[in-house]
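> below is the sequence, then the predicted model.
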Amino acid sequence: MDRSARLVAHVTKIIAPHANDFVKALRWIILAMIAGLGVGWFITRPVPLPAASIDGLAGDPVNGETIFAAAGCGSCHSAPKRDPLILAGGRTFPSDFGTFVAPNISPDPDHGIGNWTDLQLASAIVKGVSSEGAHYYPAFPYSAYNKAEMQDVVDLIAYLRTLPPSTQPSQPHDLGFPFNIRTTLGGWKLLFLSDDWALSDTTTPEISRGRYLVEALGHCTECHTERNALGGLKRNRWLAGAPNPSGEGRIPNITPAGLDWSEGEIAEYLKSGFTPDFDTAGGEMAAVIRNTSQLTDADRAAIAAYLKAIPGIGE
Amino acid sequence: MIIGRNAILTITTLAVLGSAALAGGHLSGDQEKAMKVRNGHMQLYSFNLGILGAMAQDKAPYDAAAAATAAANLAAVASISQDGYWVEGTDTSVEGSRAKPEIWTDFAGFEQDNADLGTATVALAAVAGDGLDALKGAFGPVGKACGACHEDYRAPRE
């Protein structure tokens, strides 16, 4: 008899008198596993906003236009090289998980969001849950928008409804297994979604405003912070730079350890796109500048003040 | 036998050195010159933009003559023919190049962006000496033209 056969014989001898108990225990283990799956499903299920979340809030499309610029909606949802206010979708975003395609969010009733209620749209923006109750991929930065004021969200929705419709059908994402299974996103949200500010203490109203613009609306961290293997942000590397998902070059470190521009120079860059030595923003940042150029001087100064207030993180 | 072994060693050494040179992406003279002149061209923009930008951003007092000269320089640089600049094999796959492959796959779009810069710099040169407000008004579109091309055709720094 070899060693493993002897071991099986030995274990069988010990278990044999307790065979009934063993089967009973197994039954409980299987039941517990099923219950565990049920609990897992329950805690990772898509949860939209509570029905009363936007009760009593009237949307103001004028402020909504500012929110639209600050949140950069058009940079992803407009078609490449087309009118930035026609949100037909179609831009592609390569990543380690596959290629995401921005959907049509124009007010077209068939191909866009024309038939969605305000509550459904607000749930999409701050909860990452679709009108059909499915999880959205975090390529849609609800992980930042979840910190937005509900009044601003309602204003944004009012503005979106004023934009021209497009009949361009949305295209599916092209993702590998298992990332193509949307239910797994509940687990992602459980692990990585947080409505805590990265900069927990702000010393002035200006820095608080800057934090709101950077962390909630501007979602700067989506590109400027490194991610872990599952695509969660490394919050201890906040805004310290990251590889470019498209593979070319690096998104720069914009903490005080990486960016030595003055607050005035940062604000000017966000206005005109010019760096202090009169180079200009390029790549995706050129689109960001088109948005930040529409903000007020006070808001650009607030962003600059925030970037000076966060901890400097070296390479 | 000894000579034979030396010959083999020499051939091996040459082969290793040769493949190392290939792996390092050795550039031809034309490619190196093209990359140098592109950088120089951009520095001429940057130098003259700096003079105008300091005034437009209220960091330096407005000087009509200096503004007019810098703006005329910008328009002149923008009008220089770029024939020979965009040599094949000098895109981001080459060390030190931030020129995206899209320059070669969409050369018409690239040329259009360059033409737009020409238009914006000519408009700036026409008014840069007419006062600070005129300068500020025409300076913005030049920045937008720079950004439009960098958006599509320039890669981020390594």
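Arrived safely, thanks for sending.
> check the residue of the stretch 1-150 of chain A found nearest chain B and give its pLDDT.
Using Cβ to the nearest Cβ, the closest approach of the stretch 1-150 of chain A to chain B is made by residue A:81 at 8.1 Å. For glycine as for every other residue, the C-beta is placed from the backbone atoms N, C-alpha and C. Predicted confidence (pLDDT) at residue A:81: the value is 76.
> may I ask which helix or strand encompasses it?
Assigned by DSSP states H and E, residue A:81 falls within no helix or strand.
> point out where chain B drops to low pLDDT.
Applying pLDDT under 70 to chain B flags the ranges B:1-25.
> over to chain A?
Residue ranges of chain A with pLDDT under 70: A:1-2, A:4, A:8, A:11-12, A:15.
> helices of that one, residue ranges please.
Here chain A has its helices, by DSSP state H, at A:3-15, A:19-43, A:61-70, A:73-77, A:118-127, A:142-145, A:150-160, A:184-192, A:205-211, A:221-224, A:263-272, A:283-292, A:297-309.
> give me the helices and strands touching the last one, please.
Spelled out, that is helix A:297-309. Here helix A:297-309 touches helix A:205-211, helix A:263-272, going by 3 or more Cβ pairs under 8 Å, 6 or more residues apart in numbering or on different chains; DSSP states H and E.
> what's that helix in contact with?
A:70, A:199, A:202-204, A:206-207, A:209-211, A:213-214, A:218, A:239, A:254-256, A:259, A:263-264, A:266-267, A:270-271, A:292 (Cβ atoms under 8 Å, 6 or more residues apart in numbering or on different chains).
> only alpha carbons, please: show it as CSV.
C-alpha atoms of helix A:297-309 as CSV (Å, rounded to 0.1, in the frame of the first residue of the first chain):
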residue,chain,number,x,y,z
ASP,A,297,-11.9,82.5,-12.6
ALA,A,298,-12.9,81.8,-9.0
ASP,A,299,-13.6,78.2,-9.8
ARG,A,300,-10.3,77.8,-11.6
ALA,A,301,-8.5,79.4,-8.6
ALA,A,302,-10.3,77.0,-6.3
ILE,A,303,-9.0,74.0,-8.3
ALA,A,304,-5.5,75.4,-8.1
ALA,A,305,-5.8,76.0,-4.3
TYR,A,306,-7.0,72.4,-3.9
LEU,A,307,-4.0,71.0,-5.9
LYS,A,308,-1.7,72.9,-3.6
ALA,A,309,-3.5,71.6,-0.5
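> distance from the chain centre to it, please.
Distance of helix A:297-309 from its chain centroid, counting by Cα atoms, centre = their mean, to the nearest Å, is 22 Å.
> can I get the helices of chain A in JSON lines with mean neighbour count?
Formatted as JSON lines, the helices of chain A follow (neighbours: other Cβ atoms under 10 Å in any protein chain shown):
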{"stretch": "helix A:3-15", "mean neighbour count": "9"}
{"stretch": "helix A:19-43", "mean neighbour count": "10"}
{"stretch": "helix A:61-70", "mean neighbour count": "19"}
{"stretch": "helix A:73-77", "mean neighbour count": "21"}
{"stretch": "helix A:118-127", "mean neighbour count": "21"}
{"stretch": "helix A:142-145", "mean neighbour count": "22"}
{"stretch": "helix A:150-160", "mean neighbour count": "22"}
{"stretch": "helix A:184-192", "mean neighbour count": "17"}
{"stretch": "helix A:205-211", "mean neighbour count": "19"}
{"stretch": "helix A:221-224", "mean neighbour count": "20"}
{"stretch": "helix A:263-272", "mean neighbour count": "21"}
{"stretch": "helix A:283-292", "mean neighbour count": "20"}
{"stretch": "helix A:297-309", "mean neighbour count": "20"}
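> for the residue nearest to residue B:152 when sequence neighbours are not counted, what are its contacts?
In this structure, residue B:152 finds its nearest non-sequential neighbour in residue B:102, 6.0 Å apart by Cβ to Cβ, 6 or more residues apart in numbering or on different chains. Residues in contact with residue B:102 (Cβ under 8 Å, 6+ apart) are B:109-110, B:152-153.
> may I ask which of those has the most neighbours?
Highest neighbour count within the contacts of residue B:102, by other Cβ atoms under 10 Å in any protein chain shown: residue B:153, with 23 neighbours.
> any idea how far that one is from residue B:92?
For residue B:153, the distance to residue B:92 equals 10 Å [Cβ to Cβ, to the nearest Å].
> circling back: adding distance to residue A:30, write the helices and strands packed on helix A:297-309 out as JSON lines.
Below are the helices and strands packed on helix A:297-309 laid out as JSON lines (distance: least, Cβ to Cβ, whole Å):
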{"stretch": "helix A:205-211", "distance to residue A:30": "49"}
{"stretch": "helix A:263-272", "distance to residue A:30": "58"}
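> for residue A:21, give its distance to residue B:145.
Taking Cβ to Cβ, one finds residue A:21 at 81 Å from residue B:145.
> what residues does the stretch 201-315 of chain A have near chain B?
Contact residues (Cβ under 8 Å from any Cβ of the partner chain) of the stretch 201-315 of chain A with chain B: A:244, A:248-252, A:268, A:272-274, A:277-284, A:286-287, A:289.
> can I get the helices of chain A in TSV with distance to residue B:139?
As requested, the helices of chain A are exported to TSV (distance: least, Cβ to Cβ, whole Å):
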stretch	distance to residue B:139
helix A:3-15	82
helix A:19-43	55
helix A:61-70	22
helix A:73-77	24
helix A:118-127	36
helix A:142-145	33
helix A:150-160	30
helix A:184-192	43
helix A:205-211	26
helix A:221-224	28
helix A:263-272	8
helix A:283-292	15
helix A:297-309	17
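> residue A:247 and residue B:92 touch, don't they?
No - Residue A:247 is beyond contact range of residue B:92, at 9.4 Å (criterion: Cβ atoms under 8 Å).
> give me the domain ranges for chain A.
Per automatic domain parsing, the structural domains of chain A span A:54-176, A:196-315.
> circling back: neighbour-wise, which of residue A:247 and residue B:92 wins?
Neighbour tally, residue A:247 and residue B:92, criterion other Cβ under 10 Å: the higher count belongs to residue B:92, 20 against 9.
> I'd guessed the more buried one sits against residue B:155; true?
Yes - judged on Cβ under 8 Å, residue B:92 makes contact with residue B:155 at a distance of 4.8 Å.
> joint contacts of these two?
Shared contacts of residue B:92 and residue B:155 (Cβ under 8 Å, 6+ apart): A:248-249, B:98-100.
> rebuild those residues as a markdown table, extending it with neighbour count.
Listed next are these as a markdown table, based on neighbours: other Cβ under 10 Å:
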| residue | neighbour count |
| --- | --- |
| A:248 | 17 |
| A:249 | 17 |
| B:98 | 20 |
| B:99 | 21 |
| B:100 | 21 |
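> what does chain B put close to chain A?
So chain B meets chain A at B:45-46, B:49-50, B:53, B:57, B:92, B:98, B:100, B:140, B:143-144, B:146-148, B:150-151, B:154-158 (Cβ under 8 Å from any Cβ).
> which of these count as buried?
Burial by neighbour count, 16 or more other Cβ atoms under 10 Å in any protein chain shown: within the residues of chain B next to chain A this picks out B:45-46, B:49, B:53, B:57, B:92, B:98, B:100, B:140, B:143-144, B:146-148, B:150-151, B:154-156.
> which of those fall in helices?
Using DSSP H, these in helices are B:45-46, B:49, B:53, B:140, B:143-144, B:146-148, B:150-151.
> with that, I have no additional questions.
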